[in-house]
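Student: Model the structure of this input:
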Amino acid sequence: QLFFLKAILNSFAESTGLKVNYAKSMMVPINISEHKLNLLANTFGCSTGSFPFTYLGLPLSLTKPTVADFWPLVSKYERRLVIVSSLLSHAGRLQMTNAVLSALPTYTMCTYLLPKTMIKQIDKYRKHCLWRGSDINSKKPPKAAWKLVCNSKENGGLGVHDMQIQNESLLLKHLHKFFNKCDIPWVQLIWNSHYNNETIPVNNRNGSFWWRDVLKLLDSFKGMASVTIGDGSTSLFWSDVWHGVPFNVQWPHLFSFAKDANTSVQNFLDVDDKSEFFHVPLSIEAHDQYQQMITELQNIQPSHNKDVWNYIWGSSLFTSNKAYTHLLGSIPVSPIYKWLWNSNCLLKRKVFFWLALKDRLSTRELLKRKQMELQSYNCVLCHQDVEESLHHLFMDCPFAMTCWNLLGLAYLIQGSMLDSVPLFRAQINRPFFMEVIVAMFWAIWSARNDVIFRNLHHSVQRCKMGFKHELVWVKLRFKRDIGTQLQLWLDNFV
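Tutor: This is a model prediction of the structure:
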């Protein structure tokens, strides 16, 4: 048989010109003695190997890969972290975290459910990149909680991917292919091997370690999917969404008498006497619901077509991106975050203003809360002997008041920043309102830093020039008509 196999490979090489390099090939045994393995390898002229080994960049083994098998992935993070992140600002590190570090394990996560230890280690490197740069041993505290950072921008976060949810959303595509019975060899193999007796995967964890890991996501898949009935062979009669509200919710009394809670739609509809599926006698409430069920099922006839699974975003086309958005969820937040990320400000300024909205800027009041010792915690832009809190620095400080008065803007003295921004928006009443607000915040922050780090005397005129300089650069990012409006606004108000 071995000689026949080698003859086939040689014939393939002669007909296509694609020759097999046996010197670079490896023979991996399964239940073969070492003596026989060496004999077979010598016949082919290749080397021998053993499990686990790397195939197409993934660890391949007869058992579930361990954390050590995934460790080469960690070394990639160490190299990227040391080379680049120390040279970047917070905005640049955010870009690198999203575009590079979050993307490195994507190929692996498309196949394997990563161990929680690996997820934790990956997040460790991403946190260091975002908040501490390249020093993996640095103890510098992060500016914001990681859970907050991993929220989407629409939910008030920085949009960094949650690796656990990302991993699950990438693996859910396998359940999509499985339940739609796509014409793929592994799908047919699993159906024929484990579910050929008209059963449907529910709580049973049959199959390989890979398939059992995928089935752990079954509840997440069913939570975002409904099914258009064809032959009914892939959908559960009671718990799946195939006829509006699931029947176990619509008819709870009747469901309590069901003999098999996991029967398929196909099995149920193929039997004429539906009472066979229930423990009798039924209660009065269950009997009434039984009559309702019989009435509703009269017009439902299964076909010979395959079931089609549809998703909560209104399509039968599964995308991991939309699954990730659904699994991440949404929370009600202020529209300011949407205004911020849709603005034309530089990313560095957006990250700065996001930190300000979350009260995570390194003001002296925040440093005091972190128990950092300073000679003084008072505001350096005024002489009122007032602690430098975020609200005082940007709103209550006489220097800040003067800067806002330059723009003719009034704000709520007792209100928070989240209350003041909509008020500023109404007063500016221009499409570039967010750019104006962020530029002034940055100008005040720069004036504060000039006093602390450069020993310069604070000056409203210098703050005004910094504000104008910032908007001149932002103007170039606008379309010409809005850029012209911004220039006219600057000429009139500043």
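Student: what residues are up against residue 263?
Tutor: Residues in contact with residue 263 (Cβ atoms under 8 Å, 6 or more residues apart in numbering) are 236-238, 277. From N, CA and C alone the C-beta is placed, and that goes for glycine too.
Student: any idea where the strands of the protein begin and end?
Tutor: With DSSP state E as the definition, the chain shows strands at residue ranges 26-27, 47-48, 53-55, 58-60, 225-228, 308-311.
Student: any chance of those in TSV, plus mean neighbour count, distance to residue 251 and mean pLDDT?
Tutor: Below are these laid out as TSV (neighbours: other Cβ atoms under 10 Å; distance: least, Cβ to Cβ, whole Å; pLDDT from 0 to 100):
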stretch	mean neighbour count	distance to residue 251	mean pLDDT
strand 26-27	16	59	87
strand 47-48	13	62	88
strand 53-55	11	50	84
strand 58-60	16	46	87
strand 225-228	18	18	94
strand 308-311	18	23	95
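Student: So for residue 146, which of the ones you listed sits nearest?
Tutor: Proximity to residue 146 (Cβ to Cβ) singles out strand 58-60 among these, at 27.0 Å.
Student: So what are the sheet partners of the closest one and their directions?
Tutor: strand 53-55 (antiparallel) (DSSP bridges).
Student: And residue 476, how far from residue 427?
Tutor: The gap separating residue 476 from residue 427 is 25 Å, by Cβ to Cβ, to the nearest Å.
Student: Next one: residue 492 from residue 295, what distance?
Tutor: Residue 492 is 72 Å from residue 295, where distance means Cβ to Cβ.
Student: Neighbour count for residue 476 and residue 427, which is higher?
Tutor: residue 427 (14 against 8; other Cβ atoms under 10 Å).
Student: Burial check on the closest residue in space to residue 423 that isn't next to it in sequence, number of neighbours?
Tutor: Computed as Cβ to Cβ, 6 or more residues apart in numbering, the closest residue to residue 423 that is not its neighbour in sequence is residue 411, at 5.8 Å. Neighbour count for residue 411, taken as other Cβ under 10 Å: 18.
Student: Scan this protein for its longest helix.
Tutor: In the chain, taking DSSP state H as the definition, the longest helix is helix 433-453.
Student: Other residues contacting stretch 332-344?
Tutor: Here stretch 332-344 makes contact (Cβ under 8 Å, 6+ apart) with 153-156, 350, 353-354, 357, 418, 421-422, 425, 432-435, 438, 474, 477-478.
Student: Could I get the average pLDDT for it?
Tutor: Taken as a whole, stretch 332-344 has a mean pLDDT of 93.
Student: And that stretch, end to end?
Tutor: Taking Cα to Cα, to the nearest Å, stretch 332-344 runs 24 Å from one end to the other.
Student: for this structure, what helix or strand is lowest in average pLDDT?
Tutor: helix 71-83 (a mean of 78; mean pLDDT, DSSP states H and E).
Student: helices or strands up against that helix?
Tutor: Secondary-structure packing of helix 71-83 (3 or more Cβ pairs under 8 Å, 6 or more residues apart in numbering; DSSP states H and E): helix 116-127.
Student: again, only using 10 Å
Tutor: strand 58-60, helix 106-109, helix 116-127 (3 or more Cβ pairs under 10 Å, 6 or more residues apart in numbering; DSSP states H and E).
Student: That one versus helix 116-127: what angle between them?
Tutor: Angle, helix 71-83 to helix 116-127, by axes from the mean of the first three to the mean of the last three Cα atoms, to 10 degrees: 10 degrees.
Student: Alpha carbons of helix 71-83, in CSV - could you do that?
Tutor: The C-alpha coordinates for helix 71-83 follow below in CSV (Å, rounded to 0.1, in the frame of the first residue of the first chain):
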residue,chain,number,x,y,z
TRP,A,71,2.7,29.4,23.8
PRO,A,72,4.4,30.2,20.5
LEU,A,73,1.6,32.7,20.0
VAL,A,74,2.6,34.5,23.2
SER,A,75,6.2,35.0,21.9
LYS,A,76,4.8,37.0,19.0
TYR,A,77,3.3,39.4,21.5
GLU,A,78,6.6,39.8,23.3
ARG,A,79,8.4,40.7,20.1
ARG,A,80,5.8,43.2,18.9
LEU,A,81,5.5,44.8,22.4
VAL,A,82,9.2,45.5,22.7
ILE,A,83,9.8,46.8,19.1
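Student: can you pull the buried residues of it?
Tutor: Within helix 71-83, the residues scored as buried using 16 or more other Cβ atoms under 10 Å are 73-74, 77, 80-81.
Student: What is the nearest of these to residue 324?
Tutor: Residue 324 has its nearest neighbour among the buried residues of helix 71-83 in residue 73, at 20.1 Å by Cβ to Cβ.
Student: For the closest one, give me its contacts.
Tutor: For residue 73, the contact set (Cβ atoms under 10 Å, 6 or more residues apart in numbering) comprises 57, 59, 104-105, 107-108, 114, 118, 121-122.
Student: In the stretch 351-494 of the chain, where is pLDDT below threshold?
Tutor: 412-415, 494 (pLDDT under 70).
Student: Show the contacting residues for the spatially most central residue of the chain.
Tutor: Residue closest to the average C-alpha location in the chain (Cα atoms, centre = their mean): residue 161, at 3.9 Å. Listed by Cβ under 10 Å, 6+ apart, the contact set of residue 161 reads 97-98, 101-103, 106, 126, 150, 152, 167, 169, 324, 328.
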